[in-house]
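In: generate a structure from the sequence data that follows.
(4 chains)
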Number of protein chains: 2
Amino acid sequence: MGTETTAREPLGDTTAQRRPGRPRSEKVEQAILDATLEALTERGIEGVSLEDVAVRAGVGKSTLYRRWSGKEDLLIAAFGSLKRPLPGPAGESVQADLTAMLASMAADADDPRYACQFEILNGESERFPKLIDRYKNEVAEPRREAIRDVIRRGMTTGEVRPDADVEIALLALMGSVLSRDRQDVRPPAREFAERAVAQILSGIAAK
Amino acid sequence: MGTETTAREPLGDTTAQRRPGRPRSEKVEQAILDATLEALTERGIEGVSLEDVAVRAGVGKSTLYRRWSGKEDLLIAAFGSLKRPLPGPAGESVQADLTAMLASMAADADDPRYACQFEILNGESERFPKLIDRYKNEVAEPRREAIRDVIRRGMTTGEVRPDADVEIALLALMGSVLSRDRQDVRPPAREFAERAVAQILSGIAAK
DNA sequence: CACTATCGATACGGAACCGTCTCGTATCGG
DNA sequence: CCGATACGAGACGGTTCCGTATCGATAGTG
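Out: Residues are numbered from 1 along each chain as shown, chains lettered A, B, ... in the order given. Below is the predicted model of the structure:
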């Protein structure tokens, strides 16, 4: 029910005291997580079978169950292992910062590994609430907050009109990237980010 | 492999000549499609089982297979049966038209039946290309094109600046709605549409 | 009434997985 | 070397689902 099944805790003492027997292989652990993400990308959450993951990783099923209690536990660990570097806070102009962040997100979206996160997690959100909550809190929300920060900062510096709706702006920015990911042909990430930010800043109405 | 399994065609003659035997019930057909959409909404594409659909519809499995060749066929039919009325072309101002269309989309997104279309179809797009293609062509693209039309019209009337990027604007508008659907708390559809359109038109940069 | 196709229900074989368990082997500390 | 644990491989029972087949009952046509 927890993240790990079997005993793994330091057992109370100070130094990470060695447990007897053969230690677990870090390479095996990573191979399993990689295989899980690979399977996830091409088959979706429901499509992932632990039997298949074990084969991809060149590992026995018992090795999976020794570390995680089941499918959901493994999936949570796999998503967690994809620790994205948050796009730097930067600090130039609002336009430059937003462009950099959006470009980073758009570039991520071009990697099928990351792209499937957004899509799959939303498609199956009803059935894996634990997984989705964790993803939202640990990945999605920090990114959203970073964008909000830039916009709010722009309000204090006078770059952004004070009556702007931060939430709407956020939705327009992130929504553009997400929808771009859905397009049949995607413009290059950098160019797309530049144009999107510029236009959302300036608006499309005739002056 | 087609949409229907067994003989159903007019068999070549002019009038819809009656076939011998008990006729198929229209009520049964609709009950199956409804049950499919219901199951789809709460379980996702992979989660739909024809056995479950049959029970929900109060129907025998044979009745399903008599009409559709299998799961994919049934899913395509179910999505097709959800024929949304395209939001009217309208004709007032660009702002009013876009607001009305966006409000309609946002309202649709509040109906779990429709909401799951966007989400599920994208989450599992890799594995059901036929289904996704059909959905894109028949549902998504017409809506996108209608929005593009309004924006382009605004360029001719002088409401929209001539150098605006129609595709970016489209992504911002639709993306806002899609992302809104992902929020924990969603503003009411109408109000959201008004604010989003206004802000995308005017931009957020200080003048 | 005879004929025919559809109806709901349910049994069936086969496939895919899950989660458990048991092999024989490999790798660590002592 | 010994004890303890991890390892790959895979057998196993149980579950779910697919797609087919077989019921007797039903509802239309002629």
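In: please count neighbours and contacts with C-alpha atoms only from this point.
Out: OK.
In: which SSE is immediately downstream of the least confident helix or strand in chain A by mean pLDDT?
Out: The weakest-scoring helix or strand in chain A, judged by mean pLDDT, DSSP states H and E, is helix A:112-123 (a mean of 68). Moving toward the C-terminus from helix A:112-123, the next helix or strand (DSSP states H and E) is helix A:129-135.
In: which helices and strands sit right next to that next one?
Out: If contacts are counted by 3 or more CA pairs under 8 Å, 6 or more residues apart in numbering or on different chains; DSSP states H and E, helix A:129-135 sits against helix A:71-81.
In: close to DNA strand C, is the helix it packs on?
Out: Yes - contact of helix A:71-81 with DNA strand C (CA under 7 Å from any atom of the strand) involves A:K71.
In: quick one: that helix near DNA strand D?
Out: No - using CA under 7 Å from any atom of the strand, helix A:71-81 stays clear of DNA strand D, with a minimum separation of 13.5 Å.
In: list the buried ones in that helix?
Out: By 16 or more other CA atoms under 10 Å in any protein chain shown, the buried positions in helix A:71-81 come out as A:71-80.
In: can I get the residues you listed in a markdown table with pLDDT?
Out: Formatted as a markdown table, the buried residues of helix A:71-81 follow (pLDDT from 0 to 100):
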| residue | pLDDT |
| --- | --- |
| A:K71 | 92 |
| A:E72 | 88 |
| A:D73 | 90 |
| A:L74 | 94 |
| A:L75 | 90 |
| A:I76 | 86 |
| A:A77 | 90 |
| A:A78 | 90 |
| A:F79 | 83 |
| A:G80 | 80 |
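In: what ranges do the helices span in chain A?
Out: Under the criterion DSSP state H, helices of chain A are mapped to A:26-47, A:50-57, A:61-67, A:71-81, A:94-110, A:112-123, A:129-135, A:141-157, A:166-182, A:189-202.
In: could you say what helices and strands the fourth one packs with?
Out: Using 3+ CA pairs under 8 Å, 6+ apart as the contact definition, the elements that helix A:71-81 packs against are helix A:26-47, helix A:129-135.
In: ramachandran angles for the residue in chain A positioned nearest to DNA strand D?
Out: Ranked by CA to the nearest atom of the strand, the top residue of chain A for proximity to DNA strand D is A:G21, at 3.1 Å. Phi and psi for A:G21, reported as degrees, to the nearest 10, are phi 90, psi -180.
In: and it, how many neighbours?
Out: 6 (other CA atoms under 10 Å in any protein chain shown).
In: how far away is the residue nearest to the spatial centre of chain A from chain B?
Out: Nearest to the mean C-alpha position of chain A, by CA atoms, centre = their mean, lies A:V139 at 4.9 Å. Note on A:V139: its distance to chain B, by CA to the nearest CA, to the nearest Å, is 14 Å.
In: comparing the helices of chain A, which comes out most buried?
Out: Sort the helices of chain A by mean neighbour count, taking mean count of other CA atoms under 10 Å in any protein chain shown, and helix A:166-182 sits at the top with a mean of 23.
In: which of the helices of chain A has the lowest average pLDDT?
Out: Confidence, taken as mean pLDDT, is least for helix A:112-123 of the helices of chain A (a mean of 68).
In: please parse chain A into its domains.
Out: Annotated domains of chain A cover A:26-81, A:94-202 [automatic domain parsing].
In: export the ones you listed to JSON lines and tack on distance to B:S202?
Out: Compiled in JSON lines, these are given as follows (distance: least, CA to CA, whole Å):
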{"stretch": "domain A:26-81", "distance to B:S202": "39"}
{"stretch": "domain A:94-202", "distance to B:S202": "7"}
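In: can you tell me the residue of chain A closest to DNA strand C?
Out: Residue nearest to DNA strand C within chain A: A:S49 (3.2 Å; CA to the nearest atom of the strand).
In: show me which residues of chain A are close to DNA strand C?
Out: Residues of chain A lying near DNA strand C (CA under 7 Å from any atom of the strand): A:18, A:20-23, A:47-52, A:61-62, A:65, A:69-71.
In: with just CA atoms, put stretch A:191-202 into PDB.
Out: Extracted in PDB, the C-alpha atoms of stretch A:191-202 (Å, rounded to 0.1, in the frame of the first residue of the first chain):
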ATOM      1  CA  GLU A 191       9.500  29.700 -32.900                       C
ATOM      2  CA  PHE A 192       6.100  28.700 -31.700                       C
ATOM      3  CA  ALA A 193       6.800  30.000 -28.200                       C
ATOM      4  CA  GLU A 194       8.000  33.300 -29.500                       C
ATOM      5  CA  ARG A 195       4.900  33.900 -31.600                       C
ATOM      6  CA  ALA A 196       2.400  32.600 -29.000                       C
ATOM      7  CA  VAL A 197       3.800  34.800 -26.200                       C
ATOM      8  CA  ALA A 198       4.100  37.900 -28.400                       C
ATOM      9  CA  GLN A 199       0.500  37.500 -29.600                       C
ATOM     10  CA  ILE A 200      -0.900  36.800 -26.200                       C
ATOM     11  CA  LEU A 201       0.900  39.800 -24.900                       C
ATOM     12  CA  SER A 202      -0.300  42.100 -27.600                       C
END
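In: does that stretch reach chain B?
Out: Yes - using CA under 8 Å from any CA of the partner chain, we find that stretch A:191-202 touches chain B at A:195-196, A:199-202.
In: ok, so of those, who is nearest A:R180?
Out: A:A196 (10.6 Å; CA to CA).
In: possible to save the helices of chain A as CSV with distance to B:L170?
Out: Listed next are these as CSV, based on distance: least, CA to CA, whole Å:
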stretch, distance to B:L170
helix A:26-47, 28
helix A:50-57, 40
helix A:61-67, 45
helix A:71-81, 31
helix A:94-110, 17
helix A:112-123, 20
helix A:129-135, 28
helix A:141-157, 21
helix A:166-182, 8
helix A:189-202, 11
